[in-house]
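>>> only geometry, no sequence info:
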């Protein structure tokens, strides 16, 4: 609710008070600049409630952002997915810094400018456990200032802070994982040997869960558990909260030669590693761990071998992922039919529709839960790329306009991620033309045939061309990797036109990689459109010219025929559209009611 003071909410005013408290703590400790990134002890994209310090001090709830506080300014950096959301959520004390935009300094440039304007040595502060080494190098010029890196100032002012999550760990059976923990660790050791590494200090939670065929629930919508894993030639040690490991999992670990130590012992353990070549990934290992290791060891900074291996799904995972997408396609198709049939007849709103979709997915016996919080954006809310409805923002949904729904599920058989933009009644010609332009790029990317060695940078143009042709674009990547019952955003594979600074994220596609295909267009205060399927990379042919790859679309949900301007499609695109429609109908019709089946046939 607005309180009438400059239009800011009571929560935003409270955040302003928190900034003042933080500045008092900064002054008490002699800190001039304090950095609050979006991070836990493991460099996770999404974090548990205990680690939401950036959200607590800024009010911004997006998954990516960095706060910098000085004695006079408070700034938040975030990317194009969140510009509109941040403008709405930030209190008046904050300046929004739009990453990648002209005339917007990077965090590091901002800090260097601040330093150069002072006539004294300044001190930078941050919690060294909650900033990765890579992040520190990119944003924090340590050589230019004094540093205090062992202090959690936000924690000092956070009253009633949630406890660190501590949920039970469970085993993913081999019939789902496809490879045993012994096979995976053997492959990791082979990778270590190739780089002459004595020790791997694994800090990324998804890598640990994948390696050990274990899952947990310490991060919402991401079935991982807080832990570290150290692999050496003769031993492997899991550092984990002891009360999350039950007797069956403990016996399983012991059977596979995995030792257990308490979660907090990791710092003592790495401090005792001496004169070794240690493999550690600066993109997930926190600053404190890396600093300890660097004192007495040679460091090999590279993505963990587990990250690369889990990106290439094995035959069992691929088979299971196809089943997960069948189950998800049934749920999503039933939901869209229900929505189109009932809109305008019964009360609906954005939050209710997210819950209703969850009900449809829950009908599958192997369903575990959502793979991320659903994005349900009606009318102009669809233009907020990662919109999340609240009680205050929640729109009633009527039989008109369009709605963008981006959602996904975790099944025992794998993870899904799908976006559909749905016609609910009267729409404009502009909406139809924008939808069709997005669909054209989406279809052409899915149909790509490309030489082995191509990365997503080579393919991104296929998705953007129909929009670029009319002077439009979208401010996010076209595709991201997807994990198997892990994170819905999984590196290293992706589709984007920008070459990233970290070359390990510009990897060529390989058969077995699963990547999203999600072009869109977002018109502020009007509407948003996005269409998303997941693609499996496969081998097509080999000949004298080399190996050629292609994609297989896994997602089984119809596009909205009411939004397609057929005249805008060329013959090839019409053929691709018709093939997909027929494929979806053939796969789903046996699981639908007669009315649902008739409606789906009309979409075909």
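Cool, got the structure. In this text, all values refer to a predicted model and were calculated from it rather than measured experimentally.

>>> so the most far-flung residue of the chain relative to its centre, which of the three states?
Most distant residue from the mean C-alpha position of the chain: residue 119, 41.5 Å away (Cα atoms, centre = their mean). Under DSSP: H, G, I helix; E, B strand; the rest coil, the three-state class of residue 119 is coil.

>>> that one and residue 69, how far apart?
Noted for residue 119: a distance of 21 Å to residue 69, by Cβ to Cβ, to the nearest Å. No exception for glycine: its C-beta is placed from N, CA and C like everyone else's.

>>> now swap in residue 140 and tell me
Residue 140 is 14 Å from residue 69, by Cβ to Cβ.

>>> what's the answer for residue 371, then?
Counting by Cβ to Cβ - residue 371 and residue 69 are separated by 33 Å.

>>> for the stretch 251-400 of the chain, which segments count as helices?
266-271, 287-294, 305-311, 315-342, 350-361 (DSSP state H, counting those that start in this stretch).

>>> among the ones you listed, which is the most enclosed?
helix 305-311 (a mean of 22; mean count of other Cβ atoms under 10 Å).

>>> what helices and strands are in contact with it?
Using 3 or more Cβ pairs under 8 Å, 6 or more residues apart in numbering; DSSP states H and E, the elements in contact with helix 305-311 are helix 181-194, helix 205-212.

>>> what's in contact with the next helix or strand after the shortest one?
In other words, helix 205-212. Downstream of helix 205-212, the next assigned helix or strand under DSSP states H and E is strand 214-215. If you take Cβ atoms under 8 Å, 6 or more residues apart in numbering as the criterion, strand 214-215 is touched by 169, 170, 171, 172, 208, 209, 223, 224, 225, 249, 485.

>>> next SSE downstream of strand 214-215?
Next along the chain after strand 214-215, taking DSSP H and E as the criterion, comes strand 227-232.

>>> next SSE downstream of that next one?
strand 236-240.

>>> which strands or helices does that following strand pack on?
strand 227-232, strand 258-262, helix 266-271.

>>> can you redo the ones you listed as JSON lines with distance to residue 581?
As requested, the helices and strands packed on strand 236-240 are exported to JSON lines (distance: least, Cβ to Cβ, whole Å):
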{"stretch": "strand 227-232", "distance to residue 581": "45"}
{"stretch": "strand 258-262", "distance to residue 581": "48"}
{"stretch": "helix 266-271", "distance to residue 581": "52"}
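
>>> with mean pLDDT added, can I get the ones you listed in a markdown table?
Formatted as a markdown table, these follow (pLDDT from 0 to 100):
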| stretch | mean pLDDT |
| --- | --- |
| strand 227-232 | 98 |
| strand 258-262 | 98 |
| helix 266-271 | 98 |
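
>>> who wins for proximity to residue 535 among the ones you listed?
Ranking those by proximity to residue 535 (Cβ to Cβ) places strand 227-232 first, at 30.3 Å.

>>> quick revisit: hey, which of the helices and strands packed on helix 305-311 is tucked in deepest?
The most buried one of the helices and strands packed on helix 305-311 (mean count of other Cβ under 10 Å) is helix 205-212, showing a mean of 26.

>>> quick check: nearest residue in space to the spatially most central residue of the chain, chain neighbours excluded?
Note on the chain: the residue nearest the mean C-alpha position is residue 489, at 3.6 Å, using Cα atoms, centre = their mean. Of all residues not flanking residue 489 in the chain, residue 480 sits nearest, at 5.0 Å (Cβ to Cβ, 6 or more residues apart in numbering).

>>> residue contacts, the one you found?
By Cβ under 8 Å, 6+ apart, residue 480 lies in contact with 489, 490, 491, 493, 494, 495, 515, 516.

>>> closest to residue 197 out of the residues you listed?
For the contacts of residue 480, the nearest to residue 197 is residue 491 (20.5 Å; Cβ to Cβ).

>>> hmm, that closest one is touching residue 310, no?
No - Residue 491 lies out of contact with residue 310 (Cβ atoms under 8 Å); the separation is 10.2 Å.

>>> need the residues touching each of the two.
Common neighbours of residue 491 and residue 310 (Cβ under 8 Å, 6+ apart) do not exist.

>>> neighbouring contacts of stretch 260-272?
Outside stretch 260-272, the residues that reach it (Cβ under 8 Å, 6+ apart) are 201, 226-228, 230, 237-242, 245, 250, 253, 288-289, 292-293.

>>> let's see it at 6 Å
Stretch 260-272 has contacts (Cβ atoms under 6 Å, 6 or more residues apart in numbering) with 228, 237, 238, 239, 240, 241, 242, 289, 292, 293.

>>> the residue farthest from the centre of the chain and residue 111, how far apart?
In terms of Cβ to Cβ, residue 119 sits 16 Å off from residue 111.

>>> now do residue 208
As judged by Cβ to Cβ, residue 208 and residue 111 stand 33 Å apart.

>>> what does residue 490 give?
Taking Cβ to Cβ, one finds residue 490 at 31 Å from residue 111.

>>> what of residue 309?
37 Å.

>>> got it, and residue 82?
Residue 82 sits 21 Å away from residue 111, going by Cβ to Cβ.

>>> now do residue 561
Using Cβ to Cβ, residue 561 is found at 52 Å from residue 111.

>>> out of these two, which sits in the busier spot?
Between residue 561 and residue 111, counted using other Cβ atoms under 10 Å, residue 111 has the larger neighbour count: 23 against 13.

>>> ok, now how distant is the more buried one from residue 20?
21 Å.

>>> ok, the contacts of residue 480 vs residue 282, which is closest?
For these, the nearest to residue 282 is residue 491 (13.6 Å; Cβ to Cβ).

>>> helix or strand: which one has that closest one?
Applying DSSP H and E, one finds residue 491 in no helix or strand.

>>> wait, what's in contact with it?
Counted by Cβ under 6 Å, 6+ apart, residue 491 has contacts 481, 505.

>>> and the helix or strand containing residue 462, what does it pack onto?
Element membership for residue 462, per DSSP H and E: helix 456-468. Applying 3 or more Cβ pairs under 6 Å, 6 or more residues apart in numbering; DSSP states H and E, one finds that helix 456-468 contacts helix 429-446, strand 494-495.

>>> so which of the ones you listed is nearest residue 34?
Per Cβ to Cβ, nearest to residue 34 of the helices and strands packed on helix 456-468: strand 494-495, 31.7 Å.

>>> for the closest one, give the mean pLDDT please.
When pLDDT is averaged over strand 494-495, the result is 98.

>>> so in that sheet, which strands flank that strand, and in what orientation?
strand 479-480 (antiparallel) (DSSP bridges).

>>> pLDDT (mean, whole number) over the partner strand?
98.

>>> how close does residue 34 sit to residue 509?
In terms of Cβ to Cβ, residue 34 sits 41 Å off from residue 509.

>>> sorry, wrong one. I was asking about residue 490.
Residue 490 is 14 Å from residue 509, by Cβ to Cβ.

>>> residue 123 now?
Distance of residue 123 to residue 509, given as Cβ to Cβ: 46 Å.

>>> ok, these two, which is more surrounded?
Neighbour count, other Cβ under 10 Å: between residue 123 and residue 509, residue 509 has more, with 26 against 16.

>>> wait, the more buried one sits on residue 537?
Yes - between residue 509 and residue 537 a contact is recorded at 4.8 Å, counting by Cβ atoms under 6 Å.

>>> common neighbours of those two, please.
In contact with both residue 509 and residue 537: residue 549, using Cβ under 6 Å, 6+ apart.

>>> tell me the mean pLDDT for the longest strand anywhere in the chain?
Longest strand in the chain, counting residues (DSSP state E): strand 533-543. The average pLDDT within strand 533-543 is 98.

>>> in this structure, where is pLDDT below threshold?
Scanning the chain for pLDDT under 70 picks out the ranges 1-6.

>>> next, count neighbours for residue 591.
15.

>>> repeat that for residue 84.
Neighbours of residue 84 (other Cβ under 10 Å): 20.

>>> so it lies in a strand, does it not?
No - secondary structure of residue 84 (three-state DSSP): helix, not part of a strand.

>>> nearest spatial neighbour of it, skipping sequence neighbours?
Nearest to residue 84 is residue 384, by Cβ to Cβ, 6+ apart, at 4.7 Å.

>>> great, nothing more from me.
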